[in-house]
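**Q** coords please:
(one chain, ligands or ions: 2)
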Amino acid sequence: MYSAKFQCINEECRESYPLDKIIYQCERCGSLLEVVHDLKPLSHRSAAAWIKLFDERYKTNQWPYGSGVWGKKEWVLPNIDDRNIVSLYEGGTNLFWAERLGKMLGIEDLWIKMCGNTHSGSFKDLGMTVLVSQVKNMISNGAPIKAVACASTGDTSAALAVYCAAAGIQAIVLLPKGKISTAQLIQPICSGALVLSLDTDFDGCMRVVQEITKDEGIYLANSMNSLRIEGQKTVGIEIVQQFEWEVPDVIIIPGGNLGNVSALGNGFLMMKNLGLISKFPRIVVAQAQKANPLYLSYLQNFEEFKPVKAEKTLASAIQIGNPVSVQKAIRTLKTFNGIVEQASEEELADAAALGDKTGMFNCPHTGVALAVLIKLLKQGKIDKSERVVVISTAHGLKFTEFKVQYHEKKLGFACRFANRPVESPPTVEAVKDALEQALKQKDSQSPGLI
Ligand SMILES: *Cc1c(COP(=O)(O)O)cnc(C)c1O
Ligand SMILES: [Zn+2]
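**A** Ligands and ions are numbered 1, 2, ... in the order given. Alright, predicted model coming up:
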């Protein structure tokens, strides 16, 4: 019989709690919790049999197992009643071979995992399906939960709101006023969430939500709730699955609150423990220079960690100075021979634009990861022969304001890949002239983009 429980991450404590208990931090020592699975019953099925099972389910219409998350149900939330699963067919996103961008950077085997091509447009769906399903399960077992709440930099709230809408559960979202995109603001509004716009930053919203969720009737949906990590950990498993169960050499992931990097690591640990893989990738966390507490700690070999005041960054979803999951992230980076690197505003914006120009349509956080890739290739820390996967965290359509400003060159730096529309009178002659001009210019432009 498969089983999983919450366990304190503090090695000296290790207190455990059932998954249907309303709890986010250890009652004994205050540390974060994580979901741990009893590996013994899971290991009764061979690695080959797991692979066969996962492949049989992958992207089929066999509800809910066609979902990228629930196709791995036994590894995620084994005992939930299928009738309580709230799935919007999340995961199963394409793994894009960035052939043209790779060529420009001198690397052949570059792949982008397009996690934003999912129901609410970001990887947050992967975790939210698990959390909201567990809430629905608890409510159906009589738990007194009236609503689910989160603080958000935009994507968590969009995902929470839409899963709650599908389940018929009230969502409450706390957003930092003026610090998220219009698309991200309208998403929870459309889904019927109670939207609170607070005149503070994400860290300020996080402090408030932790207080209001002390009331047992309001369940906390931030990633300090480790149920989300269980869903998000499927991203690493899915990447390996998409490579026919081969492990890439390097994975680059943008990091803010740092739940996702620990989730990524957990997926690999589980595959290794159950014999599906025999090696690990190297994991790189990419941070915006304006919100870089993990990078600063990395420079000191993680000997200490100091929160920072996050400054305004175009990569708004990772504008976080006091990441909740920092201890988990450091543990992951130590296990996965990790690197942390940062990107400036100009570097992230140019990298995002270059990604777009070569066939993506990505978000500024993906831009941070691409900029870090470029830096690490230059520094020789990633070898050009390696297979590299960049995790693209959200859909570019959520960030059109950023893209408009870039292409209008309104960001206060050169915006060297800006592409301006050509204005022309509506006559064939004028359009022909304009085309001739524009195509001539293109010919004379050097292809050396980097
Ligand atoms: C949430 C988010 C991140 C950061 O993930 P963490 O788990 O907070 O580190 C990165 N990019 C996007 C688009 C996000 O929504
Ligand atoms: Zn504890």
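**Q** can you list the residues of this protein near ligand 1?
**A** 122, 124, 155, 223, 254-260, 317-318, 363, 365, 393-394 (CB under 6 Å from any ligand atom). (Each C-beta comes from the backbone N, C-alpha and C, glycine too.)
**Q** Narrow those residues to those in helices?
**A** When the residues of the chain next to ligand 1 are checked against helices (DSSP state H), the matches are 124, 155, 259-260, 365.
**Q** Pick the one among those residues closest to His407.
**A** Distances from His407 to these, taken as CB to CB, are shortest for His365 (18.7 Å).
**Q** can you pull the contacts of the closest one?
**A** With contacts defined as CB atoms under 8 Å, 6 or more residues apart in numbering, the neighbours of His365 are 254, 256, 315, 317-318, 393-394.
**Q** got JSON lines for those residues, with neighbour count, pLDDT and distance to Val209 too?
**A** Converted to JSON lines, the contacts of His365 look like this (neighbours: other CB atoms under 10 Å; pLDDT from 0 to 100; distance: CB to CB, whole Å):
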{"residue": "Pro254", "neighbour count": "31", "pLDDT": "98", "distance to Val209": "22"}
{"residue": "Gly256", "neighbour count": "31", "pLDDT": "97", "distance to Val209": "16"}
{"residue": "Ala315", "neighbour count": "31", "pLDDT": "97", "distance to Val209": "22"}
{"residue": "Ala317", "neighbour count": "30", "pLDDT": "95", "distance to Val209": "17"}
{"residue": "Ile318", "neighbour count": "27", "pLDDT": "96", "distance to Val209": "18"}
{"residue": "Thr393", "neighbour count": "30", "pLDDT": "98", "distance to Val209": "21"}
{"residue": "Ala394", "neighbour count": "30", "pLDDT": "98", "distance to Val209": "21"}
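**Q** Out of those, which two sit at the greatest distance?
**A** Of all the pairs that those form, the one spanning the most space (CB to CB) is Gly256 and Ala394, at 11.5 Å.
**Q** what about the one residue in the stretch 201-350 of the chain that gets nearest to ligand 2, which SS state?
**A** Distances between the stretch 201-350 of the chain and ligand 2 by CB to the ion are smallest at Gln327, namely 12.0 Å. Per DSSP: H, G, I helix; E, B strand; the rest coil, the local secondary structure of Gln327 is helix.
**Q** Can you tell me the closest non-neighbouring residue to Ile318?
**A** Leaving out its chain neighbours, the residue that sits closest to Ile318 by CB to CB, 6 or more residues apart in numbering is Gly256, at 3.2 Å.
**Q** How about Gly231?
**A** Per CB to CB, 6+ apart, closest to Gly231 is Val130, 3.7 Å.
**Q** hang on, isn't the residue nearest to Ile318 packed against Asn322?
**A** No - contact criterion CB atoms under 8 Å: Gly256 and Asn322 do not qualify, at 10.6 Å.
**Q** what does stretch 57-73 contact?
**A** 54, 76, 80, 82, 85, 87, 89-93, 126, 129-130, 231, 234, 237-238, 241.
**Q** Mind listing what's buried along it?
**A** For stretch 57-73, a neighbour-count test (16 or more other CB atoms under 10 Å) marks 57-58, 64-73 as buried.
**Q** just stretch 389-398 next, same as before
**A** Those would be 389-396, 398, for stretch 389-398 by 16+ other CB under 10 Å.
**Q** now that stretch, how far from the chain's geometric center?
**A** 8 Å (CA atoms, centre = their mean, to the nearest Å).
**Q** Among the contacts of stretch 57-73, name the buried ones.
**A** The buried subset of those - by 16+ other CB under 10 Å - is 54, 76, 80, 85, 87, 89-93, 126, 129-130, 231, 234, 237-238, 241.
**Q** Gly259: what's it in contact with?
**A** 127, 223-224, 228-229, 232, 324-325, 328.
**Q** Using a markdown table, please lay out those residues together with pLDDT and neighbour count.
**A** Listed next are these as a markdown table, based on pLDDT from 0 to 100; neighbours: other CB atoms under 10 Å:
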| residue | pLDDT | neighbour count |
| --- | --- | --- |
| Gly127 | 98 | 31 |
| Ser223 | 83 | 28 |
| Met224 | 86 | 21 |
| Arg228 | 96 | 29 |
| Ile229 | 97 | 28 |
| Gln232 | 98 | 29 |
| Val324 | 93 | 23 |
| Ser325 | 95 | 26 |
| Lys328 | 96 | 24 |
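**Q** now those residues in JSON lines, with distance to Lys40?
**A** Shown next, in JSON lines, are the contacts of Gly259 (distance: CB to CB, whole Å):
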{"residue": "Gly127", "distance to Lys40": "26"}
{"residue": "Ser223", "distance to Lys40": "28"}
{"residue": "Met224", "distance to Lys40": "28"}
{"residue": "Arg228", "distance to Lys40": "25"}
{"residue": "Ile229", "distance to Lys40": "22"}
{"residue": "Gln232", "distance to Lys40": "24"}
{"residue": "Val324", "distance to Lys40": "31"}
{"residue": "Ser325", "distance to Lys40": "27"}
{"residue": "Lys328", "distance to Lys40": "24"}
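**Q** between these, which is nearest Pro176?
**A** For these, the minimum distance to Pro176 (CB to CB) is 15.4 Å, reached by Val324.
**Q** Please identify the helix or strand for the closest one.
**A** Per DSSP states H and E: Val324 is located in neither a helix nor a strand.
**Q** on that earlier part again, next, check the contacts of His365 against the strands and list the overlap.
**A** Under the assignment DSSP state E, the contacts of His365 contribute Pro254 to strands.
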